[in-house]
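Chemist: sequence and predicted structure below; questions after.
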Amino acid sequence: MSTGLRRRRLRLTKAWDRYVHRDRDSRTDELPEDLRPEIVASWERSADAVSPDVAEAPLADPEDTEKTWETTPLRTAVTRIEEDLRRAAEDGDLVVAVTDPSARILWTYGSRVMRRRAERVNFVPGGRWDEASVGTNALDLALRLDDVATVYSAEHFSSCVHGWVCWAAPVHDPVTGRQLGVLDLSTTWDRTHPMGTATAAAFARLLEQALPAERTAGRTAERTLPAAGDSGSVASRPAPRGVLELRLLGRAEARLDGGRLPLTRRQVEILALLALHPEGLSLDALHAQLYGDRSVSRATLKAEISHLRAVLGGGISSRPYRLEMPVRCDAGEVLECLREGRLVDAATAYHGDLLAGTDAPGLAEFGAYLTVALREALLATPDPEAVLRYAAAAPHDVEVLERAVRALGDTPHAAGPLLRARLRTATGA
């Protein structure tokens, strides 16, 4: 492992050296194939903003940094899990950092060795680790990608941290989905570990769970939620916020007022089942549709719903479980369009299988029903434009394509050539 790390570091260092010393037009020539696209893109941005020889991060105004730390809800969250963060730093010889949404460090704790290294490059409160200040790094990349990011050794644009490996994960407000900052774990390059990304992500989720129940920075304070499984009164729960948008076809995504919700796949499945059953589901019915005959406790499902209720600002009622807020769902839209005979709109809204690969019986059944309903409608009325849009999500459905091409015959139509091209591609002809 040590030999492999040295070889990887040497290969990256050579690639970085070639990149920074070439002129603009030939920078990306001869870069290693395994150099990730997000790193190359970041190098390109960094090269126009900062010197690769920068020795340390610039420091923000100390008073402003302190004021931000005093007012951010992250301070309470860090305090609540600080013992775990410190223990991780000591046991793993790490420096742990928490930033604001602009990658300015607000809090750090490091082991004895990493603390000294961090101080030398201003990896300390007030240090500005945005890309424009220090180039490619995991903190900025995690915020840009809104996902866990790893930057290893010479993947960093600035040579002052070529001896580091960093794992960073964004921290979101569970209510609004807004980025609050990032949680970063850093150590020396030779101590890299495959569990680094998972550990950073886990600590980021712990921070989200440890956020104060009342957060007043820029929004209305939230009141305490009822316990999992408790219906509670309307007065005891915060009012639901905005419109919930669920994308279930092709890829899974949940948004609240336009902001992406940081949910697990299972949590999106729960919201999908509730959206597809607006009349509500009992605990037993929801459990059966979600888990089937798998031995998952009711308490696990209640805990998931409790988390979702907090994320949605109280937008889920109990007995039965039901969404108490406006919902837009692409699967529901397809079904509504089919009922109204709007084939082109239905095909446009269809982006693929419903939560492909789901093991939730209720969703697998509904997904199959929706796909069959759309296919049967297109086979019965092979509108060229509708079939063409459907083919964008289902390019290998030869039967539907053949039906549309036969229906067109020699009739001129703008979609004709594209449909025939789709059919030839699907059949390999």
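Modeler: Nice, thanks for sending it over.

Chemist: need the strands for the stretch 51-200 of the chain, in chain order.
Modeler: Counting by DSSP state E, counting those that start in this stretch, the stretch 51-200 of the chain has strands at residues 95-99, 105-110, 149-152, 164-172, 179-188.

Chemist: which one of those lies nearest to L286?
Modeler: Closest to L286 of the strands of the stretch 51-200 of the chain, according to C-beta to C-beta: strand 164-172, at 25.3 Å. Backbone N, C-alpha and C define where each C-beta goes, glycine included.

Chemist: what pairs with that closest one, parallel or antiparallel?
Modeler: Sheet partners assigned to strand 164-172 using DSSP bridges are listed as strand 149-152 (antiparallel), strand 179-188 (antiparallel).

Chemist: shaky segments in the stretch 101-250 of the chain?
Modeler: Counting by pLDDT under 70, the stretch 101-250 of the chain contains low-confidence ranges at 214-241.

Chemist: and the helices in it?
Modeler: 112-120, 131-134, 138-145, 196-209 (DSSP state H, counting those that start in this stretch).

Chemist: then the stretch 251-400 of the chain?
Modeler: Under DSSP H, counting those that start in this stretch, the stretch 251-400 of the chain gives helices at 265-276, 283-291, 298-311, 330-339, 343-349, 361-380, 384-393, 398-408.

Chemist: export the strands paired with strand 164-172 as CSV, with columns for mean neighbour count.
Modeler: CSV is the format used below for those (neighbours: other C-beta atoms under 10 Å):
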stretch, mean neighbour count
strand 149-152, 24
strand 179-188, 25
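
Chemist: closest one to V78 among those strands?
Modeler: Taking the strands paired with strand 164-172 one by one with C-beta to C-beta, strand 179-188 is closest: 9.2 Å.

Chemist: next, the angle strand 105-110 makes with that closest one.
Modeler: Strand 179-188 and strand 105-110 are oriented at 30 degrees to each other (axes from the mean of the first three to the mean of the last three C-alpha atoms, to 10 degrees).

Chemist: how about the CA coordinates for strand 179-188, as CSV?
Modeler: Provided in CSV are the C-alpha atoms of strand 179-188 (Å, rounded to 0.1, in the frame of the first residue of the first chain):
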residue,chain,number,x,y,z
GLN,A,179,-25.6,24.7,2.5
LEU,A,180,-24.3,25.8,5.8
GLY,A,181,-20.7,25.0,5.2
VAL,A,182,-18.5,22.0,5.0
LEU,A,183,-16.9,19.4,7.3
ASP,A,184,-13.3,18.5,6.4
LEU,A,185,-10.9,15.9,7.6
SER,A,186,-7.2,16.3,6.6
THR,A,187,-4.1,14.4,7.2
THR,A,188,-0.7,13.6,5.5
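
Chemist: follow-up on the earlier one: deepest in the core, which of the helices of the stretch 101-250 of the chain is it.
Modeler: Mean neighbour count (mean count of other C-beta atoms under 10 Å) peaks for helix 138-145 among the helices of the stretch 101-250 of the chain, with a mean of 24.

Chemist: by contact count, what packs against it?
Modeler: helix 37-47, helix 131-134, strand 149-152, strand 164-172, strand 179-188 (3 or more C-beta pairs under 8 Å, 6 or more residues apart in numbering; DSSP states H and E).

Chemist: if we use 7 Å, what do you get?
Modeler: Counting contacts by 3 or more C-beta pairs under 7 Å, 6 or more residues apart in numbering; DSSP states H and E, helix 138-145 packs against helix 37-47, strand 149-152, strand 164-172, strand 179-188.

Chemist: what sits up against that helix?
Modeler: Under the criterion C-beta atoms under 7 Å, 6 or more residues apart in numbering, residues 38, 42, 99, 101, 103, 129-131, 148-151, 166-170, 179, 182, 184 lie in contact with helix 138-145.

Chemist: JSON lines please, covering the strands of the stretch 51-200 of the chain and showing distance to V327.
Modeler: JSON lines is the format used below for the strands of the stretch 51-200 of the chain (distance: least, C-beta to C-beta, whole Å):
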{"stretch": "strand 95-99", "distance to V327": "34"}
{"stretch": "strand 105-110", "distance to V327": "36"}
{"stretch": "strand 149-152", "distance to V327": "32"}
{"stretch": "strand 164-172", "distance to V327": "21"}
{"stretch": "strand 179-188", "distance to V327": "24"}
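
Chemist: of all those strands, which one comes closest to C337?
Modeler: Judged by C-beta to C-beta, the one of these that comes nearest to C337 is strand 164-172, at 32.8 Å.

Chemist: other residues contacting that closest one?
Modeler: So strand 164-172 is contacted by 74, 137-139, 142-143, 146, 148-153, 156, 178-189, 192, 196-197, 199-201, 204, 207-208, 262 (C-beta under 7 Å, 6+ apart).

Chemist: what are the bridge partners for V151, then?
Modeler: C166.

Chemist: which residues does it contact?
Modeler: Contacts of V151 by C-beta under 7 Å, 6+ apart are 136-138, 141, 166.

Chemist: measure it to L145 for me?
Modeler: 11 Å (C-beta to C-beta, to the nearest Å).

Chemist: nearest residue to D140 in space, please, no chain neighbours.
Modeler: E131 (4.4 Å; C-beta to C-beta, 6 or more residues apart in numbering).

Chemist: wouldn't that neighbour be in contact with E44 here?
Modeler: No - contact between E131 and E44 fails when scored by C-beta atoms under 7 Å: they sit 10.7 Å apart.

Chemist: low-confidence ranges, the stretch 301-429 of the chain, go.
Modeler: Counting by pLDDT under 70, the stretch 301-429 of the chain has low-confidence residues at 429.

Chemist: how does the protein divide into domains?
Modeler: 37-209, 238-378, 382-429 (automatic domain parsing).

Chemist: chain center to the second one, what's the gap?
Modeler: The gap between the average C-alpha position of domain 238-378 and the chain average comes to 18 Å, counting by C-alpha atoms, centre = their mean, to the nearest Å.

Chemist: so which of the helices of the stretch 101-250 of the chain comes closest to L374?
Modeler: Of these, nearest to L374 by C-beta to C-beta is helix 138-145, at 33.3 Å.

Chemist: and the contacts of stretch 339-355?
Modeler: Under the contact criterion C-beta under 7 Å, 6+ apart, stretch 339-355 has outside partners 248-250, 252, 269, 272, 330-331, 333-334, 337-338, 363, 366-367, 370-371, 374, 377-378, 381, 383, 385-386, 389-390, 393.

Chemist: now the buried members of those residues.
Modeler: 248-249, 252, 269, 272, 330-331, 333-334, 337-338, 363, 366-367, 370-371, 374, 377-378, 383, 385-386, 389-390, 393 (16 or more other C-beta atoms under 10 Å).
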